[in-house]
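**Student:** Okay, predicted coordinates and the sequence, questions at the end:
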Amino acid sequence: MDALWDEQLEFLRGLVRIPSVLFAEADAQRLMARTMRQMGLETDVFEADPGELCHLPGYSPVEWGYRGRPQVVGRLRSPIGTGRRLVLNGHVDVVSPEPVRLWSRDPWGAEVVAGRMYGRGVLDMKAGVSASVFAVRALARAGVVLAGDILLESVIEEECTGNGTLACLARGYVGDGALVAEPSSEGCQAGELGVLWLRAVVTGAPGHVLEASAHVNAIEKCYELIGALRRLEAQWNADRHPAYRDVEHPIHFNPGVIRGGDWPSTVPAECEVTVRLAFYPGMSPEAAKAAVLDHLRAWFATDPWLAEHPPEITWYGHHDEGYLAPPDDPAIAAVQAAHRQVTGRDAPITLGTAVTDARFWPLYHGLPATCYGPSGGAMHGIDEWVDLASLRTVTKTVALAALNWCGHG
């Protein structure tokens, strides 16, 4: 077992050292395909086609393409075929580590210190990917004959759409349930929020700074727009969904990107902001968009400039619906039973305040799914890390959950 653990650490190091920032995932996917073939899995490497996906529930609209950005699926086919099929799903795309100068370690170094591995994407979610890979490898090395298939999915673009997982489902890789090894501190996720991306372009009235009071500063107006969104965020946190009544501040509106102006001595003519918005399960993305637009339009009407020059609002990327799992969700039950066998402890039930690809199974296929992954810290932040002892526990739990889910001969 220790030899297999050493192999897993080396695999994870190699995966983290590939800087698979969003839209540049090809090298990581080549590693995943090579690994699956070496494991003897039936391996399918394919690119998503937005034209085939755009009519499907759960699709998120994109302004880019998928050429050279494949999904990789490996099937461990059961010779028996009488058991349930399980999807082990994970994403290899990661967010930017910038500004790298703030890191105390190389974000692509996969350095191990005091039981932690550091690096961009090591927690979100390359460690979880390694747990799925080596859970399957451990079962194969133990000579276990499963009664049901395992589908090992390595996808792109979880960080901005989820269209990678959607493409796998559209290709027929559905299974009878799914386990997504997103970081959860060894808890089982029983639901999550919906997420949207909004882009607002605010137009001002430019001019020389010596007459600034006679002009309209687009950057300052953009600040006001952010303030208006903050008021809606506060309202939605106050009007809490019952499932989230014990979750502190579940709704987050995050202005993540802002660009404006072109000269310090010119009152800026334009400012653009992109905002990540969350909303509760039970509300569709279209209903959430309508509520946000109604709120903003009411605010525009109170401002003489914006009433005449309303910002241009577009929606792209994440159009994700939230979900809540039923109390008797069999995927959660399977993971909890395995976690208890491995650790002697119950795995806590959690609710996500972000979004994951687990949503696709319950929402659009009526199938159970959960997130269960290792603990760590600094996701999307500086010096991201994963706890290696936790990763080892998660890998064992995923293997045992897969065995119990699929059954064996």
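**Tutor:** Noted; the coordinates are in hand.
**Student:** Direction included, what does the least confident helix or strand in the chain by mean pLDDT pair against?
**Tutor:** Least confident helix or strand of the chain, by mean pLDDT, DSSP states H and E, is strand 207-208 with a mean of 93. Strand 207-208 has the following sheet partners, assigned by DSSP bridges: strand 266-267 (antiparallel).
**Student:** Following the chain past the partner strand, name the next helix or strand.
**Tutor:** Per DSSP states H and E, the first helix or strand lying C-terminal to strand 266-267 is strand 270-279.
**Student:** Please name every helix or strand in contact with that following strand.
**Tutor:** For strand 270-279, the packing partners by 3 or more C-beta pairs under 8 Å, 6 or more residues apart in numbering; DSSP states H and E come out as strand 194-203, helix 218-238, strand 254-260, helix 285-300. For the C-beta atoms, the positions are set from N, CA and C on the backbone; glycine is no exception.
**Student:** Looking at those, spot the one closest to residue 408.
**Tutor:** With C-beta to C-beta as the criterion, residue 408 lies closest to strand 194-203 of the helices and strands packed on strand 270-279, at 37.7 Å.
**Student:** Contacts made by that closest one with the rest, please.
**Tutor:** For strand 194-203, contacts defined as C-beta atoms under 8 Å, 6 or more residues apart in numbering pick out 160, 218, 221-222, 225, 260, 269-281, 283, 285, 288-289, 292, 309, 311-322, 354-355.
**Student:** quick check, distance from it to the centre of its chain.
**Tutor:** Its chain's C-alpha centre and that of strand 194-203 lie 19 Å apart, by C-alpha atoms, centre = their mean, to the nearest Å.
**Student:** now stretch 19-31
**Tutor:** Chain-centre distance of stretch 19-31: 16 Å, with C-alpha atoms, centre = their mean.
**Student:** now do the same end-to-end measure for that stretch.
**Tutor:** One end of stretch 19-31 sits 12 Å from the other (C-alpha to C-alpha, to the nearest Å).
**Student:** Give me the buried positions along it.
**Tutor:** Across stretch 19-31, burial judged by 16 or more other C-beta atoms under 10 Å covers 19-22, 25-26, 28-29, 31.
**Student:** quick one: contacts of that stretch?
**Tutor:** Under the contact criterion C-beta under 8 Å, 6+ apart, stretch 19-31 has outside partners 14-15, 18, 45, 64, 68-72, 92-97, 107-108, 120-121, 154, 156-157, 159-160.
**Student:** Let's see that with 6 Å instead.
**Tutor:** With C-beta atoms under 6 Å, 6 or more residues apart in numbering as the test, stretch 19-31 has contacts from 18, 68-70, 72, 92-94, 96, 108, 156, 159.
**Student:** And the furthest pair within those residues?
**Tutor:** Within the contacts of stretch 19-31, two members stand farthest from each other by C-beta to C-beta: 72 and 96, at 22.8 Å.
**Student:** who's more crowded, these two?
**Tutor:** For residue 72 versus residue 96, neighbours defined as other C-beta atoms under 10 Å are more numerous around residue 72 (27 against 12).
**Student:** Now for the buried residues of stretch 19-31: which two are most distant?
**Tutor:** Greatest spatial distance among these (C-beta to C-beta): 22 and 31, at 17.0 Å.
**Student:** Does residue 18 lie in a helix or a strand, and which?
**Tutor:** Using DSSP H and E, residue 18 falls within no helix or strand.
**Student:** residue contacts, it?
**Tutor:** 27-28.
**Student:** Report pLDDT for the closest residue to residue 378 other than its chain neighbours.
**Tutor:** Sequence neighbours aside, residue 384 is the residue nearest to residue 378 in space, at 4.4 Å (criterion: C-beta to C-beta, 6 or more residues apart in numbering). Looking at residue 384, its pLDDT stands at 99.
**Student:** Quick check: the gap between residue 384 and residue 355.
**Tutor:** 19 Å (C-beta to C-beta, to the nearest Å).
**Student:** re the thing from before, can I get the helices and strands packed on strand 270-279 in JSON lines with mean pLDDT, mean neighbour count and distance to residue 344?
**Tutor:** Compiled in JSON lines, those are given as follows (pLDDT from 0 to 100; neighbours: other C-beta atoms under 10 Å; distance: least, C-beta to C-beta, whole Å):
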{"stretch": "strand 194-203", "mean pLDDT": "98", "mean neighbour count": "22", "distance to residue 344": "36"}
{"stretch": "helix 218-238", "mean pLDDT": "98", "mean neighbour count": "17", "distance to residue 344": "37"}
{"stretch": "strand 254-260", "mean pLDDT": "98", "mean neighbour count": "14", "distance to residue 344": "38"}
{"stretch": "helix 285-300", "mean pLDDT": "98", "mean neighbour count": "16", "distance to residue 344": "41"}
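**Student:** Nearest to residue 409, out of the ones you listed?
**Tutor:** Residue 409 lies closest to strand 194-203 among the helices and strands packed on strand 270-279, at 41.3 Å (C-beta to C-beta).
**Student:** Could you tell me the angle between that closest one and helix 285-300?
**Tutor:** Relative orientation of strand 194-203 versus helix 285-300 (axes from the mean of the first three to the mean of the last three C-alpha atoms, to 10 degrees): 30 degrees.
**Student:** Strands along the stretch 301-409 of the chain, start to end?
**Tutor:** With DSSP state E, counting those that start in this stretch as the criterion, the stretch 301-409 of the chain has strands at 312-320, 323-324, 349-352, 369-371, 376-377, 385-387.
**Student:** What lies in contact with the second one?
**Tutor:** Counting by C-beta under 6 Å, 6+ apart, the neighbours of strand 323-324 from elsewhere in the structure are 191, 243, 281, 359, 362-363.
**Student:** how about the helices in the chain?
**Tutor:** Assigned by DSSP state H, the helices in the chain fall at 2-16, 26-38, 50-53, 127-141, 163-170, 218-238, 285-300, 304-308, 330-343, 360-364, 388-406.
**Student:** With distance to residue 210 as new columns, can the ones you listed be given to me in JSON lines?
**Tutor:** Compiled in JSON lines, the helices of the chain are given as follows (distance: least, C-beta to C-beta, whole Å):
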{"stretch": "helix 2-16", "distance to residue 210": "52"}
{"stretch": "helix 26-38", "distance to residue 210": "51"}
{"stretch": "helix 50-53", "distance to residue 210": "49"}
{"stretch": "helix 127-141", "distance to residue 210": "56"}
{"stretch": "helix 163-170", "distance to residue 210": "49"}
{"stretch": "helix 218-238", "distance to residue 210": "17"}
{"stretch": "helix 285-300", "distance to residue 210": "29"}
{"stretch": "helix 304-308", "distance to residue 210": "20"}
{"stretch": "helix 330-343", "distance to residue 210": "64"}
{"stretch": "helix 360-364", "distance to residue 210": "56"}
{"stretch": "helix 388-406", "distance to residue 210": "60"}
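**Student:** Good, we can wrap up now.
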